[in-house]
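> output the structure for:
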Amino acid sequence: MATGIHNARDIAVEAIRDRAGNVSAHLDRLLGRSALPAEDAALARELALGVTRRRGTLTAVLRAFLEQPDRRLPVPLEEILHVGLYQMLFLDRVPDFAAVNEAVEQAVRHHHRRQSGLVNGVLRTIARNISPRIAGAGTLAADVLPVCPSAHRKFGRPVFPDPNADAAGHLAAAFSLPAALAGRWVSRYGLSQAAGVAMHADVRAPVILRVNRLKATVDEVLASLASAGVPARRHENGLSVLLEEHLNVTELDVFRRGLVQPQDPSATAVVTAAEPKGGAKVLDFCASPGVKTTHLAELMDNRGSITAVDVSTEKLARIESNCRRLGVTIVTTRLAEQVGSLDPRSFDLVLADVPCSNTGVLARRAEARWRFSEDALDTLVQDEETLVSLAAEFVAPGGRLVYSTCSTEPEECSGVVRHLTARGGRLELLREQLTLPGGADDPAKWHDGGYYAVFRAR
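Numbers count the residues shown, from 1 in each chain. Model prediction:
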């Protein structure tokens, strides 16, 4: 473990310093090598991923209160300030003085004793210039900090761009989005709706578990969780349960016994829309970790065959592991480089759930927003068009192709579908569905954003 790591806040600072942008993976490595109690490990995760989500807002607030806002702070001073400020602005359970004192001590531990006065001064100044939490979402204004769907805070002075003069700039700063994505959403939805979508991306996503119908019912899973003292309730989709607390799902008995699989309701809806039939021959492109693969098998009553394809043996091993746990026996895995050996036009159903920009699932993938750019989007679209075109070659006449993505960007959704159908040929679009993220104010109605299109092959 890196030197200087003493507690949850040190681990958080070290994790968000990952210059490759893989904060989640770096955090998992650090926690795996630590001896932190479960409560401290949970705090480290909340801080690291929370700071990653709200980095744009934290940066805007700091710049508003620094005497030299464009000054480049030495590493890891900016990260220390972000962790301290995140606790002050967004967490109820950490008193401001404790967050400030810990940030000052961290600066000293990381050999920035001379800058510890700056850390102390700027954090205390911010604490004096912001209100307690106020119930309600609040208005969109330069002095309003959106904390969560049900609360906001007010600064004593303007901190963010004026939403009336610079709507995209306000959305980017107040809701922590890259400028390119903020501009897109304001143009597409208008500021008010874009703020609602962005707020969904800024909250911690709830734990939602799809019930494995091969082994249990929703009522049976709820009863099992209740007997284990785990608060849970039914999700409105009728197929899943919602955990009332953030827990390590892999430690739950219902998980180990294969009764449940973590899956967002929007992803569950994709497989339901595919309408897989028992006894069918199915091909699942880009299948790892097997969440949709196993759901397909469940809806097929574990009858027929599914060929699950991905790019590495590690990814295939994850699919196989999930199948064993869930009791799925009809799945065969295959490396993507071997798909040429499959017979063209021989599958009743082909699912192409492609890699994408993840703009519909930003609440679950903290780093994804900071990877977004127009150039990256163009590259992804080219890859998506290639993958779905390849997948279409394996659909038998009368069979179905399902294209899905966890993006909400038109180029990756209807744009790819238009590309596929513009060439004419054998694919008939039956239906398409774009879902914007929702339910941030009611976890029982939570769903990520995403898109799917269902085709029939002639």
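> distance of the most centrally placed residue in the chain from residue 49?
Taking Cα atoms, centre = their mean, the centroid of the chain lies closest to residue 364, which sits 2.1 Å from it. Using Cβ to Cβ, to the nearest Å, residue 364 is found at 10 Å from residue 49. Where C-beta positions appear, they are placed from N, C-alpha and C, glycine not excepted.
> what residues are shared contacts of those two?
Common neighbours of residue 364 and residue 49, counting by Cβ atoms under 8 Å, 6 or more residues apart in numbering, are absent.
> re the thing from before, can you pull the contacts of the residue nearest to the centre of the chain?
Counted by Cβ under 8 Å, 6+ apart, residue 364 has contacts 205, 264, 448.
> I'd like those as a markdown table, with neighbour count and pLDDT appended.
What follows is these, written out as a markdown table (neighbours: other Cβ atoms under 10 Å; pLDDT from 0 to 100):
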| residue | neighbour count | pLDDT |
| --- | --- | --- |
| 205 | 21 | 96 |
| 264 | 27 | 98 |
| 448 | 26 | 98 |
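> straight-line length of stretch 416-432, end to end?
Terminal residues of stretch 416-432 are spaced 12 Å apart (Cα to Cα, to the nearest Å).
> any buried residues in it, and which?
416-417, 419-420, 427, 429 (16 or more other Cβ atoms under 10 Å).
> same thing with stretch 346-354?
Here stretch 346-354 shows 347-354 as buried, counting by 16+ other Cβ under 10 Å.
> dump that stretch to CSV, keeping only the CA atoms.
Provided in CSV are the C-alpha atoms of stretch 346-354 (Å, rounded to 0.1, in the frame of the first residue of the first chain):
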residue,chain,number,x,y,z
SER,A,346,-28.5,-19.8,-37.3
PHE,A,347,-29.8,-18.1,-34.0
ASP,A,348,-33.4,-17.5,-33.0
LEU,A,349,-32.3,-14.5,-30.9
VAL,A,350,-29.2,-12.4,-30.9
LEU,A,351,-28.6,-9.8,-28.1
ALA,A,352,-26.0,-7.0,-28.8
ASP,A,353,-25.6,-5.1,-25.6
VAL,A,354,-22.7,-3.0,-26.7
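> which outside residues touch it?
Contacts for stretch 346-354 (Cβ under 8 Å, 6+ apart): 270-271, 274, 276-277, 280-287, 292, 296, 307, 383-384, 387-388, 391-392, 394-396, 399-405.
> cool, and stretch 128-136?
Contacts of stretch 128-136 (Cβ under 8 Å, 6+ apart): 65, 88-89, 92, 145, 147, 150-157.
> ok now that stretch, how far from the chain's centre?
28 Å (Cα atoms, centre = their mean, to the nearest Å).
> end to end, how far does that stretch reach?
OK, stretch 128-136 end separation, Cα to Cα: 22 Å.
> next, the contact list for residue 420, please.
385, 388-389, 392, 403, 427, 455.
> ok, of these, which one's closest to residue 256?
residue 403 (33.7 Å; Cβ to Cβ).
> thinking the closest one is in contact with residue 416, fair?
Yes. In this structure residue 403 lies within contact range of residue 416 using Cβ atoms under 8 Å: 6.7 Å.
> the buried residues of stretch 346-354: which two are farthest apart?
Greatest spacing in the buried residues of stretch 346-354, by Cβ to Cβ: 348 and 354 (20.2 Å).
> got the confidence number for the residue nearest to residue 220 when sequence neighbours are not counted?
Distances taken as Cβ to Cβ, 6 or more residues apart in numbering place residue 259 nearest to residue 220, at 7.5 Å, with adjacent residues excluded. Confidence at residue 259, expressed as pLDDT, is 98.
> gap between residue 259 and residue 135?
38 Å.
> what of residue 441?
For residue 441, the distance to residue 135 (Cβ to Cβ) stands at 12 Å.
> hey, what's in contact with both of the two?
residue 150.
> and the nearest residue to residue 337 once chain neighbours are set aside, how many neighbours?
Nearest residue to residue 337, sequence neighbours excluded (Cβ to Cβ, 6+ apart): residue 311, at 7.8 Å. By other Cβ atoms under 10 Å, the residues close to residue 311 number 13.
> check contacts around residue 311.
335-337.
> of these, which is the most crowded?
Tallying neighbours with other Cβ under 10 Å puts residue 336 at the head of the contacts of residue 311, with 17 neighbours.
> ok, back up a step: okay if I get the contacts of residue 364 as JSON lines plus secondary structure?
Shown next, in JSON lines, are those (DSSP: H, G, I helix; E, B strand; the rest coil):
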{"residue": "205", "secondary structure": "coil"}
{"residue": "264", "secondary structure": "coil"}
{"residue": "448", "secondary structure": "coil"}
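> same list, these, but as a markdown table with distance to residue 24 please.
Output for the contacts of residue 364, formatted as a markdown table (distance: Cβ to Cβ, whole Å):
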| residue | distance to residue 24 |
| --- | --- |
| 205 | 13 |
| 264 | 16 |
| 448 | 16 |
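> nearest to residue 188 among those residues?
Nearest member of those to residue 188, counting by Cβ to Cβ, is residue 448, at 17.7 Å.
> any idea how far residue 408 is from the closest one?
In terms of Cβ to Cβ, residue 448 sits 9 Å off from residue 408.
> do the same with residue 102
Counting by Cβ to Cβ - residue 102 and residue 408 are separated by 38 Å.
> can you give me the strands in this protein?
Here the chain has its strands, by DSSP state E, at 134-135, 144-148, 151-154, 208-211, 232-234, 240-243, 260-262, 281-285, 305-310, 331-335, 347-353, 395-405, 427-435, 450-457.
> just send the ones you listed back as a markdown table, with distance to residue 58 too.
Formatted as a markdown table, the strands of the chain follow (distance: least, Cβ to Cβ, whole Å):
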| stretch | distance to residue 58 |
| --- | --- |
| strand 134-135 | 20 |
| strand 144-148 | 11 |
| strand 151-154 | 14 |
| strand 208-211 | 28 |
| strand 232-234 | 33 |
| strand 240-243 | 28 |
| strand 260-262 | 29 |
| strand 281-285 | 38 |
| strand 305-310 | 36 |
| strand 331-335 | 42 |
| strand 347-353 | 33 |
| strand 395-405 | 30 |
| strand 427-435 | 29 |
| strand 450-457 | 28 |
